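Visitor: Build the 3D model from these lines:
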Amino acid sequence: MRLTVVGCSGSYPGPDSPASCYLLEAEHDGRTWRVLMDLGSGALGALHRYADPLKIDAVLLSHLHADHCLDLCGYHVLRRYHPTGPQPRIPVWGPEDTADRMARAYDLPTDPGMREEFDFRTWQGPVEIGPFTVEPFPVVHPVPAFSLRVTWQDKVLAYTGDCGPCEGVVRAATGADLLLAEASFEEGADNPADLHLTGKECAQLANAAGVPRLVLTHVPPWHDPQVVHDEAKADYDGDLGLARAGAVYDFTTF
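Guide: Numbers count the residues shown, from 1 in each chain. Modelled structure (predicted):
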């Protein structure tokens, strides 16, 4: 399994990266399977650098804030009006009401909305997509949100999505080989509860979950990523990194 960071900017696209989008790839049944975790603002254009957007097998939405889902609007246009003709429907997993919310975002009638391009499905439990097993865990955030646990063979990737500290994100991360954790807040600020994590809280999560590799992501452009990195480093002795657009993590090497 390979994880490619398509976009990692928090809250909105930054000067160095689109908003949240992560490409998972693995070989299975004689072909490469490709799944997107989130498709936030600005990510669809950047995706072309790493994969053919027509060869994506599924989209996994952690929640419906624009920096995690809004480029599904452009993806609808690409799949519907591509010169090669309308493309087959692909599954899009997300919170309840994803189909209608995305239709309204693009000012479409909710029937059919984007249902001719996407097979919208609601997170209810583990799902199988080719070689991947994906398990959603409800987490605290101002809107319905999920952390995702992706298993490939005997390797596990945990993705926090956006959330405050809670039981759900600990369950998603426990025993993972790599934790991709959002670090939107800095320690010492007047941070609202149940919204985002600090670098220190990401480190504490990784320690509690027994995770040997922690990658911090979703740092907003108004923060210095090195600050959240250093906050995490003070509490974490494992392999620590900062996500950057274009970075690739190969799980066969773990």
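
Visitor: which residues of the stretch 51-200 of the chain fall in helices?
Guide: Under the criterion DSSP state H, counting those that start in this stretch, helices of the stretch 51-200 of the chain are mapped to 66-69, 72-81, 98-105, 167-173, 199-209.

Visitor: Show me what secondary structure element comes after the helix or strand hosting residue 230.
Guide: Using DSSP states H and E, residue 230 sits in helix 225-233. On the C-terminal side of helix 225-233, the closest following helix or strand by DSSP H and E is strand 239-242.

Visitor: Compute the number of surrounding residues for residue 25.
Guide: Other residues lying near residue 25 total 20 when counted by other C-beta atoms under 10 Å. The C-beta positions use only the backbone N, C-alpha and C, and glycine is treated the same way.

Visitor: now the angle from the helix holding residue 230 to helix 199-209?
Guide: Orientation note: helix 225-233 sits at an angle of 40 degrees relative to helix 199-209 (axes from the mean of the first three to the mean of the last three C-alpha atoms, to 10 degrees).

Visitor: hang on, the earlier thing: of all the helices of the stretch 51-200 of the chain, which lies closest to residue 14?
Guide: helix 66-69 (10.4 Å; C-beta to C-beta).

Visitor: Mind exporting the C-alpha coordinates of the closest one to PDB?
Guide: C-alpha atoms of helix 66-69 as PDB (Å, rounded to 0.1, in the frame of the first residue of the first chain):
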ATOM      1  CA  ALA A  66     -15.400  22.200   2.500                       C
ATOM      2  CA  ASP A  67     -11.700  21.600   3.000                       C
ATOM      3  CA  HIS A  68     -12.500  17.900   3.000                       C
ATOM      4  CA  CYS A  69     -15.200  17.400   0.400                       C
END
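
Visitor: What residues sit buried inside stretch 69-77?
Guide: Under the neighbour-count criterion of 16 or more other C-beta atoms under 10 Å, stretch 69-77 has 69-76 buried.

Visitor: if we can go back for a sec, please identify the buried residues of the helix holding residue 230?
Guide: With burial defined by 16+ other C-beta under 10 Å, the residues of helix 225-233 counted as buried are 225, 228-229, 231-233.

Visitor: pLDDT on it, on average?
Guide: Per-residue pLDDT values over helix 225-233 give a mean of 98.

Visitor: what packs against it?
Guide: In this structure, helix 225-233 makes packing contacts with helix 199-209, strand 213-217, strand 239-242, judged by 3 or more C-beta pairs under 8 Å, 6 or more residues apart in numbering; DSSP states H and E.

Visitor: just for the stretch 51-200 of the chain, where's the confidence low?
Guide: Scanning the stretch 51-200 of the chain with the threshold set as pLDDT under 70 gives no residue ranges.

Visitor: before we move on, back to that, of all the buried residues of stretch 69-77, which comes closest to residue 122?
Guide: Checking these against residue 122 with C-beta to C-beta, the nearest one is residue 69 at 14.1 Å.

Visitor: Now that closest one. Nearest residue, chain neighbours left out?
Guide: Taking C-beta to C-beta, 6 or more residues apart in numbering as the measure, residue 69 lies nearest to residue 61, with 5.1 Å between them; neighbours along the chain are not counted.

Visitor: follow-up on the earlier one: need the helices of the stretch 51-200 of the chain in TSV with distance to residue 215, can you?
Guide: Compiled in TSV, the helices of the stretch 51-200 of the chain are given as follows (distance: least, C-beta to C-beta, whole Å):
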stretch	distance to residue 215
helix 66-69	17
helix 72-81	24
helix 98-105	26
helix 167-173	12
helix 199-209	9
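
Visitor: what about the strands in the stretch 1-150 of the chain?
Guide: 2-7, 21-28, 31-37, 58-60, 90-94, 118-122, 127-129, 132-139, 145-152 (DSSP state E, counting those that start in this stretch).
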